[in-house]
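*Asks:* Give me the fold of what follows.
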Amino acid sequence: MSEKKIGILTGGGDVPGLNSVIKSVVYRSSEMGRSVVGIRRGWEGLTHVAPDLIDDPRYVRPLNRENTRAIDRSGGTVLHTSRTNPWKTKPNKIPPHLVGTDISKFAKDDDLYDLTPIVLENLDRLGIGTLIAIGGDDTLSYAARLHSEGFPVVAIPKTMDNDVRNTEYCIGFSTAITRAKEAITRQRTTCGSHERIGVFRIFGRDAGFTALYTSYVTSTRCLIPEHVFDIDRLCELLMEDKHNNPSNYSLVVISEGATWAGRGVAEYGDADAYGHKKKVDVGEALAMEIKKRTGEDTMASDLTYDLRSGDPDAIDHLVAITFANIALDMINEGVSGKMVGIQQGRYGYAEIPDPAAGARTVNIDKFYNTDRYRPRYDNKMGTPMLLEAI
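*Replies:* Predicted coordinates for the structure are as follows:
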């Protein structure tokens, strides 16, 4: 086992800090005398690589100190990513090398296919002894499936939503807040020049951590999925802010999954491999509704993808390096089927979250003022810096 390779992949949406994990895994592995092979395009790499072309560069990339030396200076992931779910593969997503063969043995209910046997065969062909999977709830749910099949897996959480259970922090969160703060600070000049109400949409399908902490450092109102807000009360607060501001503008940050009474969360398009559809732009919808009810000009700004672009900030770089090294410590100690994380402000590891439990969400009683639509700034004594205890 000690002579076998370590595999590593990134799945789901990209965030700043992924390349820092990859580089740190490679450097530490070389000190341990183990080689690393990168799986490209997330779980797709392990379903689509053909048996007769197991080193296909589209899906497999050997990693070493030379070809990872500078990757931590940029964002994204050099291994690329996808939202592939081998456990629930649609007929139109069957790998080309399986088309025309008998795939009935992989058939599941609902016209889906479980390609886990293909994944296990390819891991064996590649000589991978342990796999490091970096991702959010969706990617890690399949990592847990592999562990249940007896394959050694170590998980590392990433998502700028910071909503993975069993950890207080996910790679990408700090950079997202930093980017949002910078963007909102810049756009204050436009809101002030035109005396408008600014509406800033931020990622957060199920949890409002990113919106909440952005609001915390920009002193804006915020709307999160955990609380259905009253549109009339919001308009009242925004007009209050506007009239009390010498520049005659006001601001609100809204998570993509937030909604107000009488309006559901609108979605469109086909569901992805994990059952998620795209959300209709709630920022645009809210800006129009505010203008309709107040008569004030509004400005809607979508901050979503800009927050996951570019290089990581110092905190995400630091956490990424540390998570990677803890993952290698775990492998060295024979620990698998666990996820690196932070609990009570300290590094450690925990169970890979059960996808049935859903996303980790904001405790609104402790951290959100449901009347003022703001973060709570009181009762912080004894709480962890930055993070919310789980």
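*Asks:* got the contact list for Arg40?
*Replies:* 9, 58-61, 79-80 (CB atoms under 8 Å, 6 or more residues apart in numbering). C-beta coordinates here come from the backbone N, C-alpha and C atoms, glycine included.
*Asks:* My error: substitute Ile22 in the last question.
*Replies:* Counting by CB under 8 Å, 6+ apart, Ile22 touches 8, 10, 38, 63, 68, 71, 77-79, 324.
*Asks:* for Ala207, same thing?
*Replies:* 161-163, 224-226, 255, 257, 359-362.
*Asks:* roughly how far apart are it and Arg376?
*Replies:* Applying CB to CB, to the nearest Å, the value for Ala207 to Arg376 is 17 Å.
*Asks:* which strand of the protein spans the most residues?
*Replies:* Counting by DSSP state E, the longest strand found in the chain is strand 128-135.
*Asks:* just checking, what packs against it?
*Replies:* Applying 3 or more CB pairs under 8 Å, 6 or more residues apart in numbering; DSSP states H and E, one finds that strand 128-135 contacts strand 5-10, helix 18-31, helix 137-148, strand 153-157, helix 314-332.
*Asks:* quick check, nearest of the contacts of Ala207 to Glu236?
*Replies:* Ile224 (18.6 Å; CB to CB).
*Asks:* So Ser215 sits against Ala258, correct?
*Replies:* No. Between Ser215 and Ala258 there is no contact, the gap being 11.8 Å when judged by CB atoms under 8 Å.
*Asks:* So which of those two has more stuff around it?
*Replies:* Using other CB atoms under 10 Å, the more surrounded residue of Ser215 and Ala258 is Ser215, with 29 against 25.
*Asks:* Now do the SS call for the more buried one.
*Replies:* helix (DSSP: H, G, I helix; E, B strand; the rest coil).
*Asks:* hang on, the earlier thing: now do the longest strand of the chain and strand 153-157, the angle between them.
*Replies:* Here strand 128-135 runs at an angle of 20 degrees relative to strand 153-157 (axes from the mean of the first three to the mean of the last three CA atoms, to 10 degrees).
*Asks:* so for the helix or strand containing Arg293, what's the average pLDDT?
*Replies:* Assigned by DSSP states H and E, Arg293 belongs to helix 282-294. Per-region confidence: helix 282-294 scores 96 on mean pLDDT.
*Asks:* Note down every partner strand of the helix or strand just after it and its orientation.
*Replies:* With elements assigned by DSSP H and E, the helix or strand that comes after helix 282-294 is strand 298-302. Strand 298-302 has the following strand partners under DSSP bridges: strand 197-202 (parallel).
*Asks:* related to what we said a few turns ago, in JSON lines: the helices and strands packed on strand 128-135, plus mean pLDDT and distance to Arg263.
*Replies:* Shown next, in JSON lines, are those (pLDDT from 0 to 100; distance: least, CB to CB, whole Å):
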{"stretch": "strand 5-10", "mean pLDDT": "97", "distance to Arg263": "35"}
{"stretch": "helix 18-31", "mean pLDDT": "97", "distance to Arg263": "35"}
{"stretch": "helix 137-148", "mean pLDDT": "93", "distance to Arg263": "26"}
{"stretch": "strand 153-157", "mean pLDDT": "98", "distance to Arg263": "31"}
{"stretch": "helix 314-332", "mean pLDDT": "97", "distance to Arg263": "34"}
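*Asks:* could you dump those to CSV with distance to Arg188?
*Replies:* Formatted as CSV, the helices and strands packed on strand 128-135 follow (distance: least, CB to CB, whole Å):
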stretch, distance to Arg188
strand 5-10, 35
helix 18-31, 31
helix 137-148, 34
strand 153-157, 33
helix 314-332, 24
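*Asks:* Packed most tightly, which of these would that be?
*Replies:* Ranked by mean neighbour count, these are led by strand 153-157 with a mean of 29 (mean count of other CB atoms under 10 Å).
*Asks:* Tell me the neighbouring strands of it, and mark each as parallel or antiparallel.
*Replies:* strand 128-135 (parallel), strand 338-343 (parallel).
*Asks:* Quick one: low-confidence residue ranges for the protein.
*Replies:* 1-3, 264-280, 386-390 (pLDDT under 70).
*Asks:* domains of it?
*Replies:* The chain is divided into the following domains under automatic domain parsing: 5-171+312-357, 174-309+362-375.
*Asks:* a markdown table for these, including distance to Thr383?
*Replies:* Below are those laid out as a markdown table (distance: least, CB to CB, whole Å):
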| stretch | distance to Thr383 |
| --- | --- |
| domain 5-171+312-357 | 9 |
| domain 174-309+362-375 | 9 |
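*Asks:* Go through those domains and name the closest to Met385.
*Replies:* domain 5-171+312-357 (7.4 Å).
*Asks:* Grab the most central residue of the protein for me.
*Replies:* Ranked by distance to the mean C-alpha position of the chain (CA atoms, centre = their mean), the top residue is Thr159 at 2.0 Å.
*Asks:* which residues sit in contact with that residue?
*Replies:* 12-13, 15, 135-137, 170-173.
*Asks:* picking that back up, top of the contacts of Ile22 by number of neighbours, please.
*Replies:* In the contacts of Ile22, the most neighbours by other CB under 10 Å go to Thr10, 30 neighbours.
*Asks:* I'd assumed Thr77 was in contact with that one.
*Replies:* Yes. Applying CB under 8 Å, one finds Thr10 in contact with Thr77, separated by 4.3 Å.
*Asks:* what residues are shared contacts of these two?
*Replies:* 18, 22.
*Asks:* the helices in the stretch 101-250 of the chain, which residues?
*Replies:* 116-125, 137-148, 173-194, 209-218, 231-244 (DSSP state H, counting those that start in this stretch).
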